[in-house]
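[1] Take a look and give me a structure for this.
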Amino acid sequence: MTHTKFLQFNGKNIVFLSVNGTYWVAIKPICEALNIDYIRQFKNLKEHQKLSQLLSEQTMVATDKKMRKMICLPEKYIYGWIFSLNSDSEELWEYKLTCYDILYNHFHGIITNRKELLLNKMDVDTKIHNIKEELKESEGKYLELQELEIQRKAINKDLKAIDVELIEQPKLF
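    Residues are numbered from 1 along each chain as shown. Prediction:
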C-alpha cells in the first residue's frame, strides 16, 4: 500500500511516499528548496559508501502533478544527509542553523531540565519518606506531607510533558 504526502519547504513541495511503512523522500525537490545542485548531490549520494545502498527510485506525483520516477532516500536518513551537505547556499545554512538549535535544545535544554526535575523528585521523595517516619511519632507533620505529595505530582507532570516533547520532537521539514 502506498500513500503520498507533500510538505512545503522554502516554497517547494517535498514529496514523501509511504511504501510498506517506510516514507521515501525525493532528493531533487530538497536540492531545489535548498538551492543546491541536484546533479552533484545525486552523484555524491551514488558514491557514498552507505547511503548509496539506500537509494531507491520511486514513482510519485511530481510538483508538475505528473507521475515521475524520482530518486529517494528513506525519511529516516534524509535529515542527517541534508546536514552533511556542503554548499554556500543560504537556504542550506538556515537549515543547518535550525539543526544546531534542535540538537542543542535536545541535549542541553531538555536533558538538563529533566535531570533537575529528577533530582527535585528524589529530594521530595526523601522528605516524604522521612515525614512518614516522623508521622508514626507525631501527627503535626501531616500537612507538610500533603504539600510535598502535591509537589511530587507537579514534578511528575512536568517530567511527563518533557518525555512527550522528546517523543514528538519536531521534524526539520
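[2] CA only for contacts and neighbour counts going forward, please
    Will do.
[3] residues in contact with residue 163?
    Contacts for residue 163 were tallied using C-alpha atoms under 8 Å, 6 or more residues apart in numbering; there are none.
[4] A helix includes it, no?
    Yes - counting by DSSP: H, G, I helix; E, B strand; the rest coil, residue 163 is part of a helix.
[5] From residue 148, how far off is it?
    Separation of residue 163 from residue 148 (C-alpha to C-alpha, to the nearest Å): 22 Å.
[6] and the residue lying farthest from the centre of the chain, which of the three is it?
    No residue in the chain sits farther from the centre than residue 137, which is 50.9 Å out by C-alpha atoms, centre = their mean. Secondary structure, three-state DSSP: residue 137 is coil.
[7] how close does it sit to residue 70?
    Taken as C-alpha to C-alpha, the span from residue 137 to residue 70 is 75 Å.
[8] likewise residue 99?
    26 Å.
[9] ditto for residue 100
    Using C-alpha to C-alpha, one gets 29 Å for the distance from residue 100 to residue 70.
[10] quick one, which of those two is more surrounded?
    More crowded of residue 100 and residue 70, by other C-alpha atoms under 10 Å: residue 70, with 20 against 13.
[11] On the pLDDT front, check the residue farthest from the centre of the chain for me.
    Residue 137 is assigned 71 on the pLDDT scale.
[12] Then residue 94?
    89.
[13] part of a strand, is it?
    No - membership of residue 94 in a strand is not supported by three-state DSSP, which gives helix.
[14] okay, now it: neighbour count?
    12.
[15] Next one: it relative to residue 110, how far apart?
    Taking C-alpha to C-alpha, one finds residue 94 at 23 Å from residue 110.
[16] Equivalent analysis for residue 39, please.
    From residue 39 to residue 110 the distance is 39 Å (C-alpha to C-alpha).
[17] Ok, residue 162 next?
    Applying C-alpha to C-alpha to residue 162 and residue 110 gives a distance of 7 Å.
[18] From residue 71, how far off is the residue lying closest to residue 35 once chain neighbours are set aside?
    Among residues not flanking residue 35 along the chain, residue 89 sits closest, at 6.0 Å (C-alpha to C-alpha, 6 or more residues apart in numbering). The gap separating residue 89 from residue 71 is 22 Å, by C-alpha to C-alpha.
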